[in-house]
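Visitor: please work out how this folds:
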Amino acid sequence: MSNLISLIDALLELDAKGALVPHGIGGHARTLLQRCKDELNTRPAPAATDTGLVTVGYVTPGWLAKHCSAHTITAQPTPAWTEAVVTRSQAEAIIAVERAMRKTAEQRLAQSQDDLKQVRADNAALTVEIERLQKINAMIMGDDEAAPRYTTKRMKQEVERATQVMRGEASDREAYVRSLETQLAAARKALEEIASFTQTTDLLWWQERARAALETAT
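Guide: Below is the predicted model of the structure:
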């Protein structure tokens, strides 16, 4: 494509110098050639990797340093020469860096979005767990006596009731033990008294005496 553009340029240049005699290439042909050249200049050149740059031609590596002239490229801008020119290799290097930075930024953005989704999922799970624990806490620490499970307050009340019952039973047992001890002491005393009355052999009198001693003890 660049060779075709060069041929068109050469033909138009010869025509402009009047080298094509006697009448040149003609106005219509000249317009068609210029249109073809413009079309070729605006058509992107195929590339192995799409960088977005449009190739308009090729030169030898030393062309920029040795063969640039005021007729093609000028080192300083002028009112007529305003379009800046850079080498494709430099442009590709800049674009490669920018694309790498953009890719890194996109990857970080994607990772941040994944992290955000995970955080939201974790928060949702945590909210569910908190609600579950709050319900358990309400069942344990609540004041509702009719709750399906024992509350702390109810358990405390029942422990106090059981403690009071146990204390009462212990007190009753102690009183009963003291009563038995009193009866035992009275019976021993009665036996001693009965043993002291050796002069009588009346068994009925002994029984009455022992019964009276036991009744006094109770």
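Visitor: neighbours around residue 91, how many?
Guide: For residue 91, the neighbour count with other Cβ atoms under 10 Å is 13. Just so you know, the C-beta spots here come from the backbone N, C-alpha and C atoms, and that holds for glycine as well.
Visitor: which elements pack onto the helix or strand hosting residue 122?
Guide: Here residue 122 sits within helix 88-141, counting by DSSP states H and E. When contacts are defined as 3 or more Cβ pairs under 8 Å, 6 or more residues apart in numbering; DSSP states H and E, helix 88-141 packs onto no helix or strand at all.
Visitor: beyond it, next helix or strand please.
Guide: Next in sequence after helix 88-141, counting helices and strands by DSSP H and E, comes helix 152-196.
Visitor: from the contact counts, what lies against that next one?
Guide: helix 203-217.
Visitor: give me the domain ranges for the chain.
Guide: Domain ranges of the chain: 2-73, 152-217, per automatic domain parsing.
Visitor: worst mean pLDDT among the ones you listed?
Guide: Lowest mean pLDDT of these: domain 2-73, a mean of 58.
Visitor: okay, buried residues for stretch 105-122 please.
Guide: Buried positions in stretch 105-122, judged by neighbour count with 16 or more other Cβ atoms under 10 Å: none.
Visitor: for that stretch, give the mean pLDDT please.
Guide: For stretch 105-122, mean pLDDT rounds to 83.
Visitor: run through who's touching that stretch.
Guide: Outside stretch 105-122, not one residue touches it by Cβ atoms under 8 Å, 6 or more residues apart in numbering.
Visitor: how about the CA coordinates for that stretch, as CSV?
Guide: Provided in CSV are the C-alpha atoms of stretch 105-122 (Å, rounded to 0.1, in the frame of the first residue of the first chain):
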residue,chain,number,x,y,z
ALA,A,105,-6.0,-1.2,37.1
GLU,A,106,-8.8,-3.4,35.7
GLN,A,107,-7.4,-6.4,37.5
ARG,A,108,-7.3,-4.5,40.8
LEU,A,109,-10.8,-3.2,40.2
ALA,A,110,-12.0,-6.7,39.5
GLN,A,111,-10.3,-8.0,42.6
SER,A,112,-11.7,-5.1,44.7
GLN,A,113,-15.2,-5.9,43.4
ASP,A,114,-14.7,-9.6,44.3
ASP,A,115,-13.4,-8.6,47.7
LEU,A,116,-16.5,-6.3,48.2
LYS,A,117,-18.8,-9.1,47.2
GLN,A,118,-17.1,-11.4,49.7
VAL,A,119,-17.3,-8.8,52.5
ARG,A,120,-21.0,-8.3,51.8
ALA,A,121,-21.6,-12.0,51.9
ASP,A,122,-19.6,-12.3,55.2
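Visitor: report the angle between the axes of the helix holding residue 122 and helix 152-196?
Guide: Counting by axes from the mean of the first three to the mean of the last three Cα atoms, to 10 degrees, helix 88-141 lies at 30 degrees to helix 152-196.
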